[in-house]
Structures are given as C-alpha cells and as structure tokens.
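> Make a model of this:
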Amino acid sequence: MNQKQITEFSLQDGTKFLVEVDEPENSNAVRRVARADTGQMVVEAKKKFDEVLDQIQPVASAIITKLSQLNTPANEVEVKFGIKLNAAAGAIFTSVSGEANYEITLKWKQDKA
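Purely as a prediction, here's the structure:
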C-alpha cells in the first residue's frame, strides 16, 4: 500500500495549495520544505500547477479534435480523465473505471420534424 504525503503546488501567480499524493519511490527526487504559515514540513512540487495542466491540454485537444472530425459529429462530447498528481512528475494519467485512462461520452440529439 502506498504511503501518502502532503505536497505543496504553486500557481503562476505564487498562490500555494496542498495536495495529498502518493509517496515517491525515490525520496531524493523531491525536496522537503517548511510551510511559512505553519512550519509543517511538506514536499515541494517540482512543477507549478499551471505547468501540470499544460501537460494535460494537448491530450484533451487531440481527443476533441479527432471527435469533431466524425462523419456525424456529436452534439455533446464529454471526456473524463483520471489524473494523479505527483510531486516529481506533475500529472500522470490514471484509470477512470476499470483499466481505461479516459472515458468519452458522445451524445446526438434527434432532429424534430
């Protein structure tokens, strides 16, 4: 069973927030820091949260682009990603249900005559 740890992520504007993540296998890959407001020791994420989201954007864009090229494009498209935050790697795609890394729902509306 993976141990959990508290990791501090930052936004580009300097805002910091805490996320519970799995303890990394290699503890040398991360840096422990004391939070200024509480003195609590946490792991500092190597990437800003905005950069983590930048890792996800191309994947989401590629899926939406391909689905919009269907012969009969759907009226609604829903894509669900399982994302695991990691102090060293940033974002890792994880399973949503079963062994799927993402789930896609397409909806077509019937034309009313």
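> and the helix or strand encompassing V43, how far from the chain's centre?
Mapping V43 onto the secondary structure by DSSP states H and E places it in strand 41-44. Its chain's C-alpha centre and that of strand 41-44 lie 19 Å apart, by C-alpha atoms, centre = their mean, to the nearest Å.
> So which bits of that strand are buried?
V42, V43 (16 or more other C-beta atoms under 10 Å). Just so you know, the C-beta spots here come from the backbone N, C-alpha and C atoms, and that holds for glycine as well.
> now the helices: where do they sit in this structure?
49-68 (DSSP state H).
> show me where pLDDT drops low in it?
The chain contains residues with pLDDT under 70 at 1-2, 23-41, 95-101, 112-113.
> ok, 50 please
Nowhere does the chain drop to pLDDT under 50.
> Isn't F17 up against V42?
No: F17 is beyond contact range of V42, at 10.8 Å (criterion: C-beta atoms under 8 Å).
> The lengthiest strand in the chain versus helix 49-68: what angle between them?
Looking across the chain with DSSP state E, the single longest strand is strand 76-86. Interaxial angle, strand 76-86 versus helix 49-68 (axes from the mean of the first three to the mean of the last three C-alpha atoms, to 10 degrees): 150 degrees.
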